[in-house]
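Peer 1: output the structure for:
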Amino acid sequence: MMKKVAIDIDDTITDTSEILFYYLEKFGKVDLTNSANNKLDIMRGKITCPELLEFYKEYALILANEVRLKEGAKEALEFLKENAIEIHILSSRIPDTLSVTSKYFEKNKLPYDFLTVGVIDKKEYCQNHEINMIFDDSFETCQKIKETKTIPILFSSPINKEIVLNDIIRISNWSDLYNNEKILNLIKQ
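Peer 2: Numbers count the residues shown, from 1 in each chain. Below you'll find the model as predicted:
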């Protein structure tokens, strides 16, 4: 049976935080000093004010198109494909970004088998699609998924760097994929 891996996009395959906060400052209508608009909630899509909804309507497609690819992401995806892994790209991005996200993957020649946006419950997706392993920068998502047969891998990002882990594997960048014996064993089993 083919192994299946799910991979989040924002701050896992791409450096989304960086461009998101650049455009938020440019937009100028969201007070980032207001504790109700903390960066973690903004990155997690927990919209806390009408201005953020307006921002996402105006900038979602720009963000999805202009975001920078993380170093080593393309090579990691190619490595997974070379090892006969079925790749599911998952994101909680709004459904309107599917076309531009797909074009971004094509433009960057990123291999994948399935691309799904608008995924709110990644735990349910992983269970329904019998995913063996997931790479995600959301600690909350990894916590939920560890209750299933899917093995969560937390990808370090600005929103989770302070979290101490005991029972979830963490990688800091894509080159860690090749240096982590547990992950390599899971891929090559």
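
Peer 1: correct me, but Glu130 touches Ala6?
Peer 2: No - between Glu130 and Ala6 there is no contact under C-beta atoms under 8 Å: 10.5 Å. To be clear about C-beta, it is placed using only N, CA and C from the backbone, and glycine gets the same treatment.

Peer 1: between the two, which one's more packed in?
Peer 2: Shown here are Glu130 and Ala6; by other C-beta atoms under 10 Å, Ala6 has more neighbours (25 against 13).

Peer 1: check the secondary structure at that one for me.
Peer 2: What DSSP: H, G, I helix; E, B strand; the rest coil gives for Ala6 is strand.

Peer 1: if I pick it, what's in contact with it?
Peer 2: By C-beta atoms under 8 Å, 6 or more residues apart in numbering, the contact set of Ala6 is 88-90, 122, 125-126, 129, 131, 133-136, 150.

Peer 1: repeat that for Lys109.
Peer 2: So Lys109 contacts Lys74 (C-beta under 8 Å, 6+ apart).

Peer 1: from Lys74, how far out is it?
Peer 2: 7 Å (C-beta to C-beta, to the nearest Å).

Peer 1: then Pro158?
Peer 2: For Pro158, the distance to Lys74 (C-beta to C-beta) stands at 22 Å.

Peer 1: with Tyr125 instead?
Peer 2: For Tyr125 relative to Lys74 (C-beta to C-beta), the value is 23 Å.

Peer 1: kindly list the main-chain dihedrals of the closest residue to Ala73 other than its chain neighbours?
Peer 2: Nearest residue to Ala73, sequence neighbours excluded (C-beta to C-beta, 6 or more residues apart in numbering): Ile13, at 4.8 Å. Phi and psi for Ile13, reported as degrees, to the nearest 10, are phi -90, psi -30.

Peer 1: I'd guessed Ile13 sits against Leu69; true?
Peer 2: Yes - at 6.9 Å, Ile13 counts as touching Leu69 under the criterion of C-beta under 8 Å.

Peer 1: what do these two both touch?
Peer 2: Jointly contacting Ile13 and Leu69 under the rule C-beta under 8 Å, 6+ apart are Leu110.

Peer 1: that's a helix at Glu86, yeah?
Peer 2: No - assigned with three-state DSSP, Glu86 falls outside any helix and is strand.
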